[in-house]
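1. Generate a structure from the sequence data that follows.
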Amino acid sequence: MTVPILELEDLTVDYGRVRVLDRISLTVRPGEVVGVVGESGSGKTTLAKAVLRAVDPSAGSRLVVDGRDVTRLRGGALRAWRRGGAVQYVFQDPLRSLDPGVRVADSIVEGLRIAGVPAADAARRRAAALTAVGLDEELIARLPAGLSGGQRQRAAIARALVVEPRLLLLDEPVSALDAASRDRVVQALIALRDARGPELAMLVISHDIGSLAAMSDRLIVLDHGRIVEDGPTRRVISRPEHPYTRLLIDSVPLIHTPRANRPSPAPVRS
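-> Take a look at the predicted model:
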């Protein structure tokens, strides 16, 4: 059986006396796109930050990334692991995560430059990342403000891809975009999933179950810090087992399941 890229066992995160994540256990395997859906305050972003060790899990939790238990990494060891690039985080707002005074072309390869990657190799990897997200290279000569919201988001994804991560964490990648831009980003992620195969796994966080249904292989439903449903996307959408999942589905008038998971192009209506 394929070794998971991500393994969480009883992941618990407390903010003071408030329990934000309650004994979360899940796996993400190579090539898999896992969608995490839930309303605001359900613990979605805290889950992604815990995977990156931006917040510390409580005692007793287990967090394994690409075969390495990173739960107890501290100080220099934690910084070295992050700089290794196995996990990359794409933030919700690319206008704030991209330096407004730096050309997008330079922002994309900044991490490679810091790591000492030769300029020619960095340029090659940047071109490959731009192709993967469907972004024209001529656009990246601009500052972030000169790009549309969808273009900036794809540039942020390209910046994460150039370091060749094993796991990509995407926090609400389409929630701030208009319908056309949202569709372009979703299609770019689907193409990325199809092109990279087992080289890359993705954990995509959103409150929009419709967008997740279009790109994810599995759906995890999070409610008040607990997993209430976890299964193949088509099954979760067509036969939800938890009332909260049904509520999320009923809030979207039309949901498309992934092409690879459905027998025909007909959409699934709630």
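
2. switch to C-alpha atoms for all contacts and neighbour counts from now on
-> Will do.

3. mind checking how far the closest residue to T2 other than its chain neighbours is from L8?
-> Using CA to CA, 6 or more residues apart in numbering and skipping the chain neighbours, the partner closest in space to T2 is R29 (7.1 Å). With distances taken as CA to CA, to the nearest Å, R29 is found 12 Å from L8.

4. With L168 instead?
-> Between L168 and L8 the distance, using CA to CA, works out to 16 Å.

5. Of these two, which one has the most company?
-> L168 (23 against 19; other CA atoms under 10 Å).

6. partners of the more buried one in the sheet?
-> L168 forms beta bridges with Q88, M202, as assigned by DSSP bridges.

7. I figured it was touching V65, is that so?
-> No - the pair L168 / V65 is not scored as a contact, 11.6 Å apart, by CA atoms under 8 Å.

8. residue ranges with poor pLDDT in this structure?
-> 1, 253-270 (pLDDT under 70).

9. in the stretch 1-150 of the chain, which spans are strands?
-> 6-15, 18-28, 33-37, 62-65, 68-69, 87-90 (DSSP state E, counting those that start in this stretch).

10. For the first one, which residues meet the burial criterion?
-> Okay, so that is strand 6-15. Within strand 6-15, the residues that count as buried by 16 or more other CA atoms under 10 Å are 6-8, 10-13.

11. Give me the helices and strands touching it, please.
-> Counting by 3 or more CA pairs under 8 Å, 6 or more residues apart in numbering; DSSP states H and E, the packing neighbours recorded for strand 6-15 are strand 18-28, strand 62-65.

12. Now do the longest one against strand 33-37: the angle between them, please.
-> This points to strand 18-28. Strand 18-28 and strand 33-37 are oriented at 160 degrees to each other (axes from the mean of the first three to the mean of the last three CA atoms, to 10 degrees).

13. Distance check, S25 against L95.
-> Using CA to CA, S25 is found at 33 Å from L95.

14. where do the helices sit along the stretch 151-270 of the chain?
-> 179-196, 209-215, 233-238, 243-250 (DSSP state H, counting those that start in this stretch).

15. I'd like these laid out as JSON lines, including distance to G76 and mean neighbour count.
-> Output for the helices of the stretch 151-270 of the chain, formatted as JSON lines (distance: least, CA to CA, whole Å; neighbours: other CA atoms under 10 Å):
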{"stretch": "helix 179-196", "distance to G76": "31", "mean neighbour count": "17"}
{"stretch": "helix 209-215", "distance to G76": "36", "mean neighbour count": "23"}
{"stretch": "helix 233-238", "distance to G76": "39", "mean neighbour count": "21"}
{"stretch": "helix 243-250", "distance to G76": "41", "mean neighbour count": "16"}
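
16. Among the ones you listed, which comes closest to L161?
-> The minimum distance between L161 and the helices of the stretch 151-270 of the chain falls on helix 179-196, with 10.0 Å, by CA to CA.

17. Measure how buried E164 is and give me the count.
-> 18.

18. Quick check: it vs A201, distance?
-> The gap separating E164 from A201 is 11 Å, by CA to CA.
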